[in-house]
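**Q** Next input, structure requested:
(one chain, ligands or ions: 2)
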Amino acid sequence: MDILNKLKDTISEKVVAVPVIKATMMGPRAVGKTSVMASIFSETRDSVAGSRLYFRPAEECAAELQGKRLKLMQIFGQKKDLCDEPQTGAIAASNVETTFNFEMGFVGRKKTVDIEIKDFPGEFLTSHPSKVSEFIAESHIVIIAIDTPYLMEEDGLYNEEKNNVKQVSNFLTHHAESVRDKLILFVPLKSERYFHDNRIDEVKLAVEQAYAGLIDFCKTSNIACVVAPIQTLGGVEFDSFVENQRGGISKLSKFRFCSNESKYLPLFCVQPMYYLLTYVANFYAWNLAHPKNIWERMKSSLVSALKNNDEFFFEIKKMSKDIMVDKMGYSVIVTNTILNLK
Ligand SMILES: Nc1nc2c(ncn2[C@@H]2O[C@H](COP(=O)(O)OP(=O)(O)OP(=O)(O)O)[C@@H](O)[C@H]2O)c(=O)[nH]1
Ligand SMILES: [Mg+2]
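**A** Numbers count the residues shown, from 1 in each chain. Ligands and ions are numbered 1, 2, ... in the order given. Now for the predicted structure:
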């Protein structure tokens, strides 16, 4: 069996390039995008729960993500008042996209797929719209990272200036062809306070309200929408807003430790990855029944490379059992002809 697998690896290495699964991430400065990426692999370092698959950062990203993870852990050593980093909104945002590369395969074997997640700074949506739109067209899912306290506090008074809801919604609705048939994952970050106060369902409602226009558009373009809140740090929660003295957005958020014993305890960070892979598998099944559509481009690269890789899809299916739906604020708010979480 081992020899057979090694032979498979050698053949696939020689004949077929490793397929790339892509996801687009959008979200404001300092919302915690890199932190989520860093926390994913604290949950998945050796293998993905319940499957024979590993999921790890590619070599070029490993050091940065490991460094970020250590920084997050150090926060709990200091136990002092926590404020959003002072540069939030104050330093001119770096006008480059960030790419996170991960790889996935069977434990003990060479990788089966590469996973490329790109996050584009807000200004990219206006300065390089076609670049963003093209990447979305090649992606299976679009992750919208939301700074939850801005969404929830003071009746959402500061939500627009932080989360740029209009800019993101307008961009997606104006690039309908790229987003059609995809899954949009709304990911409320820094949401510990609302879990602790039993208000996580209110977060879901607030997402539905703030993004109502985008959600309506999704219903007409066969786009699925899921709310998937994450606790990146676990042991801290939102305390209050403080004035931002440095210019940029008007308020910074201040966080407090939940107790003296608070620990770095990321929760649910791996869920976006589960949704991504499940949607790839759903798409694969759907694609068999709908061979001619705008996914043709992806079909030729990703789907044909994964064709006949039943073993991989079988493992994804096993992993999908751990996907969260209808609990802890997780909710499918729009479904489409592709998404199948059963
Ligand atoms: N309280 C709290 N702080 C967080 C959380 N996640 C990240 N942070 C902090 O928020 C700040 C920004 O986190 P990053 O992960 O760098 O955010 P980003 O979205 O990648 O930022 P840019 O790439 O600069 O746009 C850091 O100081 C983190 O320590 C969280 O869940 N809760
Ligand atoms: Mg970042």
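
**Q** Return the distance of stretch 208-223 from the chain's centre.
**A** In terms of C-alpha atoms, centre = their mean, to the nearest Å, the centre of stretch 208-223 is set 18 Å apart from its chain centre.

**Q** For that stretch, what does the pLDDT average out to?
**A** Mean pLDDT, stretch 208-223: 97.

**Q** From one end of that stretch to the other, what's the distance?
**A** 15 Å (C-alpha to C-alpha, to the nearest Å).

**Q** Give the buried residues for that stretch.
**A** Across stretch 208-223, burial judged by 16 or more other C-beta atoms under 10 Å covers Glu208, Ala210, Tyr211, Leu214, Ile215, Phe217, Cys218, Ser221, Asn222, Ile223. Where C-beta positions appear, they are placed from N, C-alpha and C, glycine not excepted.

**Q** Over to stretch 194-208?
**A** Those would be Tyr194, Phe195, Ile200, Val203, Lys204, Ala206, Val207, Glu208, for stretch 194-208 by 16+ other C-beta under 10 Å.

**Q** Make CSV from these and add distance to ligand 2 and secondary structure to it.
**A** Formatted as CSV, these follow (distance: C-beta to the ion, whole Å; DSSP: H, G, I helix; E, B strand; the rest coil):
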residue, distance to ligand 2, secondary structure
Tyr194, 23, helix
Phe195, 23, helix
Ile200, 25, helix
Val203, 22, helix
Lys204, 25, helix
Ala206, 24, helix
Val207, 22, helix
Glu208, 27, helix
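
**Q** Farthest pair within the residues you listed?
**A** Phe195 and Glu208 (18.2 Å; C-beta to C-beta).

**Q** quick one on the thing from earlier: between all of the buried residues of stretch 208-223, which two are at the greatest distance?
**A** The span of the buried residues of stretch 208-223, defined through C-beta to C-beta, is set by Ala210 and Asn222 at 22.3 Å.

**Q** mind listing what's buried in stretch 62-70?
**A** Buried-residue list, stretch 62-70, by 16+ other C-beta under 10 Å: Leu65, Lys68, Arg69.

**Q** ugh, typo on my part, it should be stretch 250-257
**A** So stretch 250-257, judged by 16+ other C-beta under 10 Å, has buried residues Lys251, Leu252, Ser253, Phe255, Phe257.

**Q** Poorly predicted segments of the stretch 1-150 of the chain, please.
**A** 1-16, 41-47, 79-95 (pLDDT under 70).
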